[in-house]
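Colleague: no sequence for this one, just the structure:
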């Protein structure tokens, strides 16, 4: 395998192999060297690296004062890193981080600041004290001091504790391999070395893209639902549940807080932190054994209850052909796959999670955002994102529709409020919140983040990018006067006005959403009224001439909206678009869609994030077919929706008495 290193970045990959004297480091180093060769790796003994920078070699080094030894150790590790860059390879160095002489009661910590700034990864061989004791006694090649089993155990625990602290503080990835002297130890160490030598953020994203392509499995999907896992799909946190189970097996309360300790360290929620999280899980699998790990995953999955509202949305991916669903989790993919299997959604709801080395990647907030972006731009999906915590904000902001799932105040994320407020007030992000159950306290307030019911979300998701009333009785009544050749002028304009009013009331409010606001009640006090979501930031564009009567009907429904006449796209200037969140393009007839396409392209060039809704009386069916021009426009530009009174197979290239604009304004004689 060709190994990618960080040699072209600020810091080369330098892997430390640590453990007590007699733990088997040197044997492991030689075996790994035999496995990988020396083309991509440089395998070194720490003592040789020191001897290489000291005149007189290692014996001369041992005779030096402690302060001089520190300088030479730092010089040695810097030289290892420099040579790794020069060779374009990964350095693997076996060494010591402390000593505990038999005549002394104090552990001497020799891990230097240079070590902390140079190492990118550390693997600690956690060999049983009994085995170390025996190997030290039987080692004929080296004279080793033999400590008691009690002191060896104490020393080992202190090294692991302090190394983990050093690594978390300095961004070094830290792995503990339980070494028993079997071949599986070598396999585990080699897996780690191989992963550490290859894993970069670029490689990680490439693996994510491969996993995403596999998850889609060639399906043609228009609408994709992307869910976070813990506390979005369920009340429970599967990560905490997993570590609680591990703690019970090992009778260690500290393991319950393994993730809290990690993410509470200097690593915080960085890419390196999620890499370290994956290593924590991998070390645990190595320690427990695959069978015990599988059992814990089974137990956790069985204890998780999917929120009924979310289950209904997940079920849509099985029931509605054009809808897909994807769980993108920073946690264990194995647990979430088991959960989906248990509720009958395996193979229908795909899972992307990076909890183990075998997954081949880690999932971070940036990865979640990238998944949403790739679904939009590479797979032409309209993406709904569902999340509950600060880790989900990136993907929520990227999505076409962002839903904050709000659970019980005692179990939901307590740290998201400030992040949400900044996203809404500073970044101008548009979120909606779904309360589960409906009587929980909303996030912030419903003016900043409007409420949405699961039923409304289901209706929106089921609808395609075109919403129309072709087969409804109301449409048949409304279209009759528009097709009556006897009507023209004010009577026809009134008919078009009614069509605009109806489409705004019946469909525009569903596509864009509504929000409450206070109105005076006839008796006393105030009550809740409703208006279009961000109505005052909505611009109605009447495409002249034929679109004006319908546009005025739309305006009657949303009176706070701005109104603009436009003959062509360039009539909309930056001043018209500034601060607008939704633009409604209104025309009486859309045939091949050339006019509206020009408007959409012009608006998107100026303001890529504005929601665009096209409202028309009639849309020609071929333009919205699978290969139609408007369908292609919707794939290219997100946040685009079409509302029509009816879809027709006829083409409308009118002139004279058949031209809608002429009929609306009694100018049919102009084209004679």
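Modeller: The structure has been received and is ready for your questions. None of the values given here were measured: they were computed from a predicted structure.

Colleague: residue ranges with poor pLDDT in this structure?
Modeller: 1-10, 102, 139-146, 463-464, 625-627, 635, 638, 652-658, 669-672 (pLDDT under 70).

Colleague: where's the residue nearest the centre of the chain, which helix or strand?
Modeller: For the chain, the residue sitting closest to the mean C-alpha position, by Cα atoms, centre = their mean, is residue 368 at 1.2 Å. Per DSSP states H and E, residue 368 falls inside helix 365-377.

Colleague: Which strands or helices does that helix pack on?
Modeller: Secondary-structure packing of helix 365-377 (3 or more Cβ pairs under 8 Å, 6 or more residues apart in numbering; DSSP states H and E): helix 201-216, strand 223-227, strand 323-329, strand 382-387, helix 393-398. The C-beta positions use only the backbone N, C-alpha and C, and glycine is treated the same way.

Colleague: outside of it, which residues touch it?
Modeller: Under the criterion Cβ atoms under 8 Å, 6 or more residues apart in numbering, residues 204-205, 208-209, 212, 224, 226, 228, 269, 271, 326, 328, 352, 354, 361, 381-383, 385, 390-395, 397-400, 638 lie in contact with helix 365-377.

Colleague: If any of these are buried, put those into a ChimeraX selection.
Modeller: In ChimeraX, a selection of the buried entries from these looks like this (16 or more other Cβ atoms under 10 Å):
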select :204,205,208,212,224,226,228,271,326,328,352,354,361,381,382,383,385,390,391,392,393,394,395,397,398,399,400,638
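
Colleague: Would you mind listing the buried residues in stretch 220-236?
Modeller: 221-236.

Colleague: Show me which of these is closest to residue 591.
Modeller: Nearest to residue 591 among the buried residues of stretch 220-236, counting by Cβ to Cβ, is residue 222 at 23.1 Å.

Colleague: for the closest one, what are its contacts?
Modeller: By Cβ under 8 Å, 6+ apart, the contact set of residue 222 is 322-323, 380-382, 464-465.

Colleague: Could you do residue 125 as well?
Modeller: Residues near residue 125 by Cβ under 8 Å, 6+ apart: 17-19, 23-25, 28, 177, 179, 185, 189.

Colleague: how about the residues you listed, which pair is most distant?
Modeller: Taking Cβ to Cβ, the two most distant members of the contacts of residue 125 are 18 and 185; they sit 14.5 Å apart.

Colleague: more neighbours, the two?
Modeller: residue 18 (25 against 20; other Cβ atoms under 10 Å).

Colleague: Is that one bridged to anything, and to what?
Modeller: residue 124 (DSSP bridges).

Colleague: And for residue 642?
Modeller: Beta-bridge partners of residue 642, as defined by DSSP bridges: residue 466, residue 614.

Colleague: got it, and the one 4 residues further on?
Modeller: Applying DSSP bridges to residue 646 yields these beta-bridge partners: residue 618.

Colleague: Once you drop chain neighbours, what's closest to residue 167?
Modeller: Closest residue to residue 167 apart from its sequence neighbours, by Cβ to Cβ, 6 or more residues apart in numbering: residue 174 at 3.8 Å.

Colleague: quick one: the one you found is in a strand?
Modeller: Yes. According to DSSP: H, G, I helix; E, B strand; the rest coil, residue 174 belongs to a strand.

Colleague: contacting residues around it?
Modeller: Neighbouring residues of residue 174 by Cβ under 8 Å, 6+ apart: 121-122, 124, 163-164, 167-168, 276, 279.

Colleague: can you check residue 121 too?
Modeller: Residues in contact with residue 121, defined by Cβ under 8 Å, 6+ apart, are 13-16, 172-175, 192, 196.

Colleague: and it, what are its phi and psi?
Modeller: Here is the backbone geometry of residue 121 (degrees, to the nearest 10): phi -150, psi 150.

Colleague: Use 12 as the first number for this chain going forward.
Modeller: Fine by me, first position is 12 from now on; the one you just mentioned is residue 132.

Colleague: what's the distance between it and residue 253?
Modeller: The spacing between residue 132 and residue 253, counted by Cβ to Cβ, to the nearest Å, is 24 Å.

Colleague: Over to residue 203?
Modeller: Distance from residue 203 to residue 253, by Cβ to Cβ: 21 Å.

Colleague: Quick one: end-to-end distance for stretch 467-485.
Modeller: Across stretch 467-485, the terminal residues are separated by 21 Å (Cα to Cα, to the nearest Å).

Colleague: Buried ones in that stretch, by neighbour count?
Modeller: By neighbour count on 16+ other Cβ under 10 Å, the buried set for stretch 467-485 is 468-469, 471-472, 474-480.

Colleague: what does it rub up against?
Modeller: Where contact means Cβ under 8 Å, 6+ apart, the residues beyond stretch 467-485 that reach it are 233-234, 236, 323-324, 327, 331, 333-334, 393, 395, 412, 414, 445, 486, 513-514, 517-518, 521-522, 524, 630, 635, 641-642, 645, 651-658.

Colleague: Using PyMOL, define a selection of the buried residues within those.
Modeller: To isolate the buried ones among the contacts of stretch 467-485 in PyMOL, judged by 16+ other Cβ under 10 Å, type:
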select buried, resi 233+234+236+324+327+331+333+334+393+395+412+414+445+486+513+514+517+518+521+522+524+630+635+641+642+645+651+652+653+654+655+656+657+658
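
Colleague: Domain map for this protein?
Modeller: 25-208, 215-247+317-472, 476-682 (automatic domain parsing).

Colleague: Out of these, which is closest to residue 265?
Modeller: Closest to residue 265 of the domains of the chain is domain 25-208 (Cβ to Cβ; 10.0 Å).

Colleague: Quick check: end-to-end length of the closest one?
Modeller: End-to-end span of domain 25-208 (Cα to Cα): 9 Å.

Colleague: what do you get for stretch 336-356?
Modeller: End-to-end distance of stretch 336-356 (Cα to Cα): 10 Å.

Colleague: And that stretch, what's buried?
Modeller: With burial defined by 16+ other Cβ under 10 Å, the residues of stretch 336-356 counted as buried are 336-351, 356.

Colleague: Hmm, residue 602 and residue 631 touching each other?
Modeller: Yes. Using Cβ atoms under 8 Å, residue 631 is in contact with residue 602, at 4.9 Å.

Colleague: In terms of neighbours, single out the busier of these two.
Modeller: For residue 631 and residue 602, the more surrounded residue by other Cβ under 10 Å is residue 631, and the numbers stand at 24 against 21.

Colleague: got the contact list for that one?
Modeller: Shown in contact with residue 631 (Cβ under 8 Å, 6+ apart): 601-603, 658-663.
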